[in-house]
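> Based on what follows, work out the 3D shape:
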Amino acid sequence: MGKCTALIVIGAFLLVLGVLNCMGNISSVHWYNRARVSEEDIPKYGKCIGFGTGIIGGSLLATGLLELFLQDSILDILVLAGIFVGLVVMLYGQFKYNGGLF
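Purely as a prediction, here's the structure:
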């Protein structure tokens, strides 16, 4: 039950953080990751970073909820896929609107 609870709590937190980022609040993003984002690109950057964060959070939350009912190790693939897709979306936004990783 501990693993499920951790996945649900962390997933819900990341999902809320992703929604806040999508709404334009990028204060949770490290200063060096948003250093070169122009004022006009902040909403687009926030949506991209927030969407990626939300994907990761949603996959963790969904896996945690499913593991309450199913004890299948195949569910770990859902977490890995969510993390991969979320990171790709976040890296896209980082390179497009910040010009690089740092």
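
> what's the single longest helix in this protein?
helix 42-69 (DSSP state H).

> Going by neighbour count, list what's buried in that helix.
For helix 42-69, the neighbour count (16 or more other C-beta atoms under 10 Å) marks 45-64, 66-67 as buried. Where C-beta positions appear, they are placed from N, C-alpha and C, glycine not excepted.

> could you point out which element follows that helix?
Next helix or strand after helix 42-69 toward the C-terminus (DSSP states H and E): helix 75-98.

> so what's the closest residue to residue 64 other than its chain neighbours scoring on pLDDT?
Nearest non-adjacent residue to residue 64, counting by C-beta to C-beta, 6 or more residues apart in numbering: residue 7, 3.0 Å away. Looking at residue 7, its pLDDT is 92.

> so how many other residues sit close to residue 7?
22 (other C-beta atoms under 10 Å).

> Could you double-check that it lies in contact with residue 61?
Yes - taking C-beta atoms under 8 Å as the definition, residue 7 is a contact partner of residue 61 at 7.0 Å.
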